[in-house]
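Chemist: A predicted structure for the sequence below; I have some questions about it.
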2 protein chains.
Amino acid sequence: MNRSASSYLYRPGTRRLILLLEGELRMAQERGYHVAVVGATGAVGQQMIKTLENRDFPISKLTLLSSARSAGKKAVYNGQEFTIEEAKPESFEGVDIALFSAGGSVSKALAPEAVKRGAICVDNTSAFRMDENVPLVVPEVNSEDLKTHNGIIANPNCSTIQMVVALEPLRKKFGLKKVIVSTYQAVSGAGAAAVDEMHEQTKAILEGKEVEANILPVGSLDKHYQIAFNAIPQIDKFEENGFTFEEMKMINETKKIMHMPGLQVAATCVRLPVGTGHSESVYFEIDADGISSNEVKTLLSDAPGVVLQDDPSEQIYPMPAFCVGKNDVFVGRIRKDLDNEQGFHMWVVSDNLLKGAAWNSVQIAETLIELGLVKK
Amino acid sequence: MNRSASSYLYRPGTRRLILLLEGELRMAQERGYHVAVVGATGAVGQQMIKTLENRDFPISKLTLLSSARSAGKKAVYNGQEFTIEEAKPESFEGVDIALFSAGGSVSKALAPEAVKRGAICVDNTSAFRMDENVPLVVPEVNSEDLKTHNGIIANPNCSTIQMVVALEPLRKKFGLKKVIVSTYQAVSGAGAAAVDEMHEQTKAILEGKEVEANILPVGSLDKHYQIAFNAIPQIDKFEENGFTFEEMKMINETKKIMHMPGLQVAATCVRLPVGTGHSESVYFEIDADGISSNEVKTLLSDAPGVVLQDDPSEQIYPMPAFCVGKNDVFVGRIRKDLDNEQGFHMWVVSDNLLKGAAWNSVQIAETLIELGLVKK
């Protein structure tokens, strides 16, 4: 969905609105949607509001919701201040599209209530991702799956999204057999408080003071480790098989999104002292011989949602510090494996709060509208 | 080589020395070696001096050398101040063991001169590593190769050393077929000035100031990028095949050290905002079926140079912030691949200045003495 001059008409809270003739206003309301953002005070929720604004999303009414704890706080959308209300079942009366990012338990409790009241929900938590009745969608990969929705669409895990955007064109053209990924994940994936803590720790170390750790790797677990000038090879809790939940999310979600239950996927997920921007070292095997790294580069240079940054002679490759605030998935360091004719390596970077969360959710909502799947 | 009470007798520059009887002094001189450290002002050189001290290395005379630029600076060994001299061919007269870490060009020019004068050289640069007449040694893996030396022994690249220490017990017991590694490398690998720059950049970012970058990824190249709160997927220059020299070092050195020219090895090397401590996400395939991750853990828990830190239920795994100052290679996050019966994943961390450089060099020197390979 591109910006158009007329879309400015539908912005609430701007002075333009009062200049509109009544008929135009009615039209604007007819074409706009009542959108709710659940978890509006969080790191992702804030990015969702900003993304709706940046995309000129057709909004006739905006409702900002949160848990009881954060209710009463303020947020700004298009210059207008909103008071954030506590999310309750009845909050969703009249809502057309609800974007959820307030934790799995909130989604589990309230997304079905929103659906009952006629809303379509895009859920950024892991609550429904592996539910076989819920499509798990990255628009560049499987927007067709939206057509089978039952009111809830799940937004995948941040680290999964950027990887499948880069892998999908390869799967389509050559077939895909195997993926081994090691991640370099940013702290904002654990929330704004974790970023604050990283900054506090960093300052303490530079000043030769004691370091305090209370959040990472997992707030609810017993042990917390310093992230400043460190790397923590744990994101989320551990499963019985020795993989973390984050690693299993990458494995299972990739198979579901790409409709490849038999795809071989392995992941090692690591948290870095980076504020925003996930990076991934991805080894993959295609199902074709004789393909050069240049063919892979050419394919990805033209792939939806991908920006190729790959010129070793000019030291051009993606880096997290330079992806922040952008919706794209940046790919570089593409090279053929030296032993396996079908093996390749690449480096994939994206803003984990945008394509990894807020932008992918808004993009799902835009695609739902384009496909005529949002009831009014 | 363990500390012993008598080794204190051989410490130069201590008051004890003058209390010795003449006969004891002669014995001390007979049993000690004239050791030279070339590159004594660098990050690794400093660690070499400290390691010689910590190990009570049998030194009868210590000569500290550097390039002309750093000559005249002071260094301290066992409480005694030394003036660092410019390294010249004649500096090596009478030297028994020379530890080189002053860059490849210094080693290329001066190691042969030292050998001519009867010294045995342990070279921490990449100058001779792939020379087929030069053994490339990690004592836990291939100390036998020392016996074929021609005066120069090469110390491998930091990221290679810690990986082969962890892989060798697996190769020995099960056979090894394939290795895919993604590294998380510390800034001190690029020298002390790079660490200072990282701290300056970090401070600037926390204070909302402009960031300056002049060193990383490669000082001599045109483009320099911020490392603070970033990850740079380039260490050393690029080769024609799209891999960096650092990646090709890991690939070629691993094959040479393990005597496995046919081993499949691939590497992606990434620099992180970590001061000291390299981490590695290693996928490997053994040549045996039916092996459990517990068997791998048991094997590594008893392997030379390895400390197993692997208990997910207690959140125990290696991290760079906690490896600093230790000689060991820490291994954790060991788990079996979910698709490949012979595949496993592990996370390997070590102090890149110690096992990755200074300690491995001193350890080679100790092993040379143990094997009776140092001429006096």
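Modeler: Done, it's in. Model, not experiment: these values are computed from the prediction.

Chemist: Look up the closest residue to the residue of the stretch 101-250 of chain A found nearest chain B, ignoring the ones flanking it.
Modeler: In the stretch 101-250 of chain A, the residue that lies nearest chain B is residue A:242 (3.3 Å; C-beta to the nearest C-beta). Glycine gets a C-beta too; all of them are placed from N, C-alpha and C. Of all residues not flanking residue A:242 in the chain, residue B:335 sits nearest, at 3.3 Å (C-beta to C-beta, 6 or more residues apart in numbering or on different chains).

Chemist: Contacts made by the strand or helix carrying the one you found with the rest, please.
Modeler: Residue B:335 belongs to strand B:329-336 when assigned by DSSP states H and E. Residues outside strand B:329-336 that contact it (C-beta atoms under 8 Å, 6 or more residues apart in numbering or on different chains): A:233, A:241-243, A:268, B:161-162, B:165-166, B:292-293, B:296-297, B:300, B:305-310, B:312, B:316-318, B:323, B:343-350, B:355.

Chemist: what does stretch A:208-219 give?
Modeler: With C-beta under 8 Å, 6+ apart as the criterion, stretch A:208-219 contacts A:187, A:190-191, A:193-194, A:197, A:200-201, A:204-205, A:224-228, A:232, A:234-237, A:271, B:315.

Chemist: Recalculate using a threshold of 10 Å.
Modeler: A:187, A:190-191, A:193-198, A:200-205, A:223-230, A:232-238, A:244-246, A:269-271, B:315, B:317, B:321 (C-beta atoms under 10 Å, 6 or more residues apart in numbering or on different chains).

Chemist: May I see the buried residues of the top helix by length along chain A?
Modeler: When chain A is parsed with DSSP state H, its longest helix is helix A:158-174. Buried positions in helix A:158-174, judged by neighbour count with 16 or more other C-beta atoms under 10 Å in any protein chain shown: A:158-171, A:174.

Chemist: strands paired with the following helix or strand past that helix, and their directions?
Modeler: Sequence order places strand A:176-184 as the next helix or strand after helix A:158-174, per DSSP H and E. According to DSSP bridges, strand A:176-184 forms sheet pairs with strand A:264-268 (parallel), strand A:278-286 (antiparallel).

Chemist: Now the strand holding residue B:335: buried residues?
Modeler: Going by neighbour count (16+ other C-beta under 10 Å), the buried part of strand B:329-336 is B:329-336.

Chemist: show me where chain A has helices.
Modeler: A:16-19, A:22-31, A:43-54, A:104-116, A:139-142, A:158-174, A:192-206, A:245-257, A:293-301, A:359-370.

Chemist: So which elements touch the fifth one?
Modeler: In other words, helix A:139-142. helix A:158-174, helix A:245-257, helix A:359-370 (3 or more C-beta pairs under 10 Å, 6 or more residues apart in numbering or on different chains; DSSP states H and E).

Chemist: mind saving the C-alpha coords of the last one as CSV?
Modeler: Output in CSV follows, covering the C-alpha atoms of helix A:359-370 (Å, rounded to 0.1, in the frame of the first residue of the first chain):
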residue,chain,number,x,y,z
TRP,A,359,5.9,-3.8,10.4
ASN,A,360,5.1,-7.4,9.6
SER,A,361,1.9,-7.1,11.7
VAL,A,362,0.8,-3.9,9.9
GLN,A,363,1.8,-5.5,6.6
ILE,A,364,-0.4,-8.5,7.4
ALA,A,365,-3.3,-6.0,8.1
GLU,A,366,-2.6,-4.2,4.8
THR,A,367,-2.6,-7.5,2.9
LEU,A,368,-5.9,-8.6,4.6
ILE,A,369,-7.5,-5.3,3.3
GLU,A,370,-6.0,-5.8,-0.2
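
Chemist: so who does residue A:197 touch?
Modeler: Residue A:197 touches A:187, A:190-191, A:211-216, A:224, A:226-228, counting by C-beta under 10 Å, 6+ apart.

Chemist: what's the answer for residue A:109, then?
Modeler: Contacts of residue A:109 by C-beta under 10 Å, 6+ apart are A:87-89, A:127.

Chemist: are any of those buried, and which?
Modeler: Buried subset of the contacts of residue A:109 (neighbour count, 16+ other C-beta under 10 Å): A:87, A:127.

Chemist: Kindly reformat the contacts of residue A:109 as TSV containing distance to chain B and pLDDT.
Modeler: Shown next, in TSV, are those (distance: C-beta to the nearest C-beta, whole Å; pLDDT from 0 to 100):
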residue	distance to chain B	pLDDT
A:87	32	98
A:88	36	98
A:89	38	98
A:127	24	97
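
Chemist: Check the burial of residue A:212 by counting its neighbours.
Modeler: Residues near residue A:212, counting by other C-beta atoms under 10 Å in any protein chain shown, number 12.

Chemist: Give me the phi and psi for it.
Modeler: phi -110, psi 140 (degrees, to the nearest 10).

Chemist: pLDDT at it, what is it?
Modeler: For residue A:212, the model assigns a pLDDT of 97.

Chemist: again with residue A:376
Modeler: Reported pLDDT for residue A:376: 72.

Chemist: who's in contact with it?
Modeler: A:30-34, A:60, A:96, A:118.

Chemist: do you know how far it is from residue A:150?
Modeler: 18 Å (C-beta to C-beta, to the nearest Å).

Chemist: for residue A:158, same thing?
Modeler: 24 Å.

Chemist: what's the answer for residue A:86, then?
Modeler: Taking C-beta to C-beta, one finds residue A:86 at 26 Å from residue A:150.

Chemist: so the closest residue to residue A:293 other than its chain neighbours bridges to which residues?
Modeler: What sits nearest to residue A:293 in space, not counting adjacent residues and going by C-beta to C-beta, 6+ apart, is residue A:336, at 4.7 Å. Taking DSSP bridges as the rule, residue A:336 bridges to residue A:344.

Chemist: Do you know the pLDDT at residue A:336?
Modeler: At residue A:336, the model reports a pLDDT of 98.

Chemist: For stretch A:192-209, give the mean pLDDT please.
Modeler: 97.

Chemist: how about it: buried residues?
Modeler: So, applying 16+ other C-beta under 10 Å, buried residues of stretch A:192-209: A:194-195, A:197-203, A:205.

Chemist: Over to stretch A:311-331?
Modeler: Result for stretch A:311-331 [16+ other C-beta under 10 Å]: buried residues A:312, A:315, A:317-321, A:323-324, A:326-331.

Chemist: ok, for residue A:230, nearest residue in space, not its chain neighbours?
Modeler: residue B:321 (3.8 Å).

Chemist: Surely the one you found is in contact with residue A:229?
Modeler: Yes: the pair residue B:321 / residue A:229 is scored as a contact, 6.5 Å apart, by C-beta atoms under 10 Å.

Chemist: Overlap of the contact sets of the two?
Modeler: Residues touching both residue B:321 and residue A:229 (C-beta under 10 Å, 6+ apart): A:205, A:211, A:273, B:274-277.
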